[in-house]
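Engineer: curious how this folds, go ahead:
(chains A and B)
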Amino acid sequence: MPKIGFPRIGPYTEIIAKMFDELGTEVVMPSSDNLRAFKTAITNSPEMMCLPFKWTLADYIDILEKSSSNIILLQYKTCSGRCRFHCYYFTQTEILRKLGYKFKGVYPIRSGLGTIGDIMGITGANLGEVIFAFKRAYKRIKTLEEKLYPKTGDIRIGLIGEIYTICDERSNLNLVQKLKDLGCYVENSLGLVHFINDGFKMLFSKKRRLLRQKARTIFPELIGGHLINNIEAIIQFAEKKFDGIILVRPLSCMPESFGETIFNFLCEDYRMPFFIHNCDEVSSEVNLENRIESYIESIRLRK
Amino acid sequence: MIKLSGDIGNGNLKLGISLNGDFFGLYQQNLGIKKTLRELVEKTRQMYGDLTINAMSFTGAGRHHLKWIFPFATVKTEILCQYRAITSLYPHANSIIEIGKEDSKVITLRDKVIDYFLMNTLCGGGAGAYIETVCFRFNLGLAEFDNLALQAEKPVNISSKCSVLGMSSALSYLQRGEETKNIVAGIVRAVARNILSMVKGKQIKPPCVFTGGGALLKSLKKAFEEELGFEVTVPVSPIFTGAYGASLYAQENKNLTLKQMISVL
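Structural biologist: Below is the predicted model of the structure:
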């Protein structure tokens, strides 16, 4: 039975673990508050590296401390193009080996249809089993997201940015919960359901392809990360008459920092207030609360 | 109606009493909210007798703590209070710059509502604490610092982002024999630039109001005017605009004498 471990990704972690469990692998879960491992990760990663790098590395350290023999570590390869995220497995393997851990290796899992092939390769299950397990996991994620983002609240906020920091509540300092407490209806443009659906829509829906074309007229280059998806998300939020847009990104995130100017202009055109939440290990939760509250109140004032 | 409003900042605690439309204020360094507020209320009591407060409101970083002590009080964020105060004092204002001790804010207005606001998030290099550190190191009072900075002919170029590194580059200039007035003027300019770099694409449009404790420095006002290319307006007592804005939000809720208030604190 292959033994695997993967980094936490907010509330989805348990569902993904269950899926691998059903496919006949032994899953070693990282603990939800591994601050000691996080400190080791920070001291062993470059200073200007983004927060997802540090948190995923911390999770690997945590997993390897629990069970170190023969483990396969998985890496989400959610970003396409030129974002650094999809190359992290390489440096992280080096760092972990230097720290003295023994394991089989860190394997990146591709996004899109490649995911199924990758999972088949790791678990040894056949295509039917993987698709079946995928379907069940998808259903669970859907019910989870309905609970996570309830459609109540007088102020409608759209979240855009980088998928890991949006989904992982450790990285974004519980931003979604804070917004819900302030009476907001939050829609996440990079929730996993949306992320999976979007891939299929891209293949089969003409309307979706037209939206991509529209986004391409705003920014024609391919820069990677979720830049183009975020431009599309802003257009969609504007069509749905949302009240505000929050950009959640790791500090020093290349694609999203580059896109900031474009998002700024777009939000100005659509007259939606724009707020940037930089996630870093030095960000303070109290400061964030203060700023979010001011932001929401300034939107209330507008209405 | 008598209103009591407080701006509980990280650096100083500002207390304002609004008496039938007249507003007066007191401030003191914040050494614990309860203790400082008690002293300020005591001072007010000595000056004006035992007033009965009809409405109470708080803003600033410590507002939640006071909401807990006075559950009937109105609490609003600093952004809203500054906005309310400035728009009531200067109805034509298009942008607001506020420099506090640890926070700096830029608010841009469109059609008299907040269009966009920015608070410093990751860096304190654009706040009053930077200037205070320099004053301490150069052994200058704030007024002295201000005068020196105004006299400067050729301000030096100082890195604006980090206050510690800015300080060390200021000291290197001192080591090289640069005149103090040029160095302090460089520091003032660095603070102004740091705040304006925060705004990035969002243009600050005139008329612009410059408020907060930082606005007491004439040199900083001058630095902003030079960087922006137009004149900025400073309210009569810029320290109290937050507390004044809070008093505009206060609604009549419960009658409380100052003596009763002290007993709770």
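
Engineer: centre of the chain to the strand or helix carrying A:Ile61, how far?
Structural biologist: Per DSSP states H and E, A:Ile61 falls inside helix A:51-66. Mean C-alpha position of helix A:51-66 versus that of the full chain (Cα atoms, centre = their mean, to the nearest Å) differs by 16 Å.

Engineer: please see if that helix touches chain B.
Structural biologist: No: applying Cβ under 8 Å from any Cβ of the partner chain, one finds helix A:51-66 out of contact with chain B, separated by at least 12.7 Å. Where you see a C-beta, it was placed from the backbone N, CA and C, and this is true even at glycine.

Engineer: what's next to that helix, contact-wise?
Structural biologist: Contacts with helix A:51-66, where a contact means Cβ atoms under 8 Å, 6 or more residues apart in numbering or on different chains, come from A:5-8, A:28-31, A:34, A:37-38, A:40-42, A:44-45, A:71, A:73, A:75, A:84-85, A:88, A:92, A:95-96, A:99, A:101, A:103, A:106, A:162, A:164-165, A:168, A:170-171, A:250-251, A:279-281.

Engineer: ok, now with 7 Å
Structural biologist: A:5, A:7-8, A:28, A:30-31, A:34, A:37-38, A:40-42, A:45, A:71, A:73, A:85, A:88, A:92, A:95-96, A:101, A:103, A:164-165, A:168, A:170-171, A:250, A:279-281 (Cβ atoms under 7 Å, 6 or more residues apart in numbering or on different chains).

Engineer: just the buried subset of these, written out for PyMOL, thanks.
Structural biologist: With 16 or more other Cβ atoms under 10 Å in any protein chain shown as the criterion, this PyMOL line picks the buried residues out of the contacts of helix A:51-66:
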select buried, chain A and resi 5+7+8+28+30+34+37+38+40+41+42+45+71+73+85+88+92+95+96+101+103+164+165+168+170+171+250+279+280
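
Engineer: distance of A:Phe20 relative to chain B?
Structural biologist: 37 Å (Cβ to the nearest Cβ, to the nearest Å).

Engineer: that residue reaches A:Ile4, doesn't it?
Structural biologist: Yes: counting by Cβ atoms under 7 Å, A:Ile4 is a contact partner of A:Phe20 at 6.1 Å.

Engineer: what is in contact with those two at once?
Structural biologist: Between them, A:Phe20 and A:Ile4 share these contacting residues under Cβ under 7 Å, 6+ apart: A:Val27.

Engineer: hmm, back to that, list the buried residues for the helix holding A:Ile61?
Structural biologist: Quick answer for helix A:51-66 (16+ other Cβ under 10 Å): A:51-65.

Engineer: among the contacts of helix A:51-66, which ones are in strands?
Structural biologist: Among these, the residues falling in strands (DSSP state E) are A:5, A:28, A:71, A:73, A:250, A:279.

Engineer: look up the closest residue to the second one, ignoring the ones flanking it.
Structural biologist: When you say that, I think you mean A:Val28. A:Gly5 (4.4 Å; Cβ to Cβ, 6 or more residues apart in numbering or on different chains).

Engineer: bridged to that neighbour, which residues?
Structural biologist: A:Val28, A:Leu73 (DSSP bridges).

Engineer: how about it, what does it touch?
Structural biologist: A:28, A:63, A:71, A:73.

Engineer: separation between it and B:Tyr173?
Structural biologist: Using Cβ to Cβ, to the nearest Å, we find A:Gly5 at a distance of 53 Å from B:Tyr173.

Engineer: quick one: contacts of stretch B:54-68?
Structural biologist: A:290, B:1-10, B:33, B:70, B:73-78, B:81, B:242, B:245-247, B:249-253, B:255.

Engineer: same thing but 6 Å
Structural biologist: The contact list for stretch B:54-68 (Cβ atoms under 6 Å, 6 or more residues apart in numbering or on different chains) reads B:1-10, B:33, B:70, B:73-76, B:78, B:81, B:242, B:246, B:249-252, B:255.

Engineer: same question for stretch A:92-110.
Structural biologist: A:44, A:57, A:60, A:64, A:68, A:71-75, A:77, A:89, A:115, A:118.

Engineer: tell me the buried residues in stretch A:15-35?
Structural biologist: Under the neighbour-count criterion of 16+ other Cβ under 10 Å, stretch A:15-35 has A:15-17, A:19-20, A:23, A:25, A:27-30, A:34 buried.

Engineer: and stretch A:231-247, what's buried?
Structural biologist: Quick answer for stretch A:231-247 (16+ other Cβ under 10 Å): A:231-235, A:237-238, A:242-247.

Engineer: can you list which of those residues are found in helices?
Structural biologist: A:231-235, A:237-238 (DSSP state H).

Engineer: can you narrow those residues to ones near chain B?
Structural biologist: Filtering these for proximity to chain B by Cβ under 6 Å from any Cβ of the partner chain leaves nothing.

Engineer: can you give me phi and psi for the residue nearest to the spatial centre of chain B?
Structural biologist: The centroid of chain B falls nearest to B:Gly212 when counting by Cα atoms, centre = their mean (2.4 Å). Backbone torsions for B:Gly212, taken as degrees, to the nearest 10, come to phi 90, psi 170.

Engineer: same check on the one 10 residues further on?
Structural biologist: The phi and psi torsions at B:Lys222 (degrees, to the nearest 10) take the values phi -60, psi -40.

Engineer: now do it, the pLDDT please.
Structural biologist: B:Lys222 is assigned 93 on the pLDDT scale.

Engineer: what about it, distance to B:Gln203?
Structural biologist: 21 Å.

Engineer: contacts only, for B:Glu227.
Structural biologist: By Cβ under 6 Å, 6+ apart, B:Glu227 lies in contact with B:192, B:196.

Engineer: that one sits in which helix or strand?
Structural biologist: helix B:218-228.

Engineer: what do you get for A:Ile116?
Structural biologist: Residue-wise, A:Ile116 maps onto helix A:114-123 under DSSP H and E.

Engineer: which residues touch that helix?
Structural biologist: Under the contact criterion Cβ under 6 Å, 6+ apart, helix A:114-123 has outside partners A:23, A:25, A:109-110, A:130.

Engineer: how about 10 Å then?
Structural biologist: Contact partners of helix A:114-123, identified using Cβ atoms under 10 Å, 6 or more residues apart in numbering or on different chains, comprise A:1-2, A:4, A:19-20, A:22-25, A:72, A:74, A:76-77, A:107-111, A:125-127, A:129-131, A:133-134, A:196, A:199.
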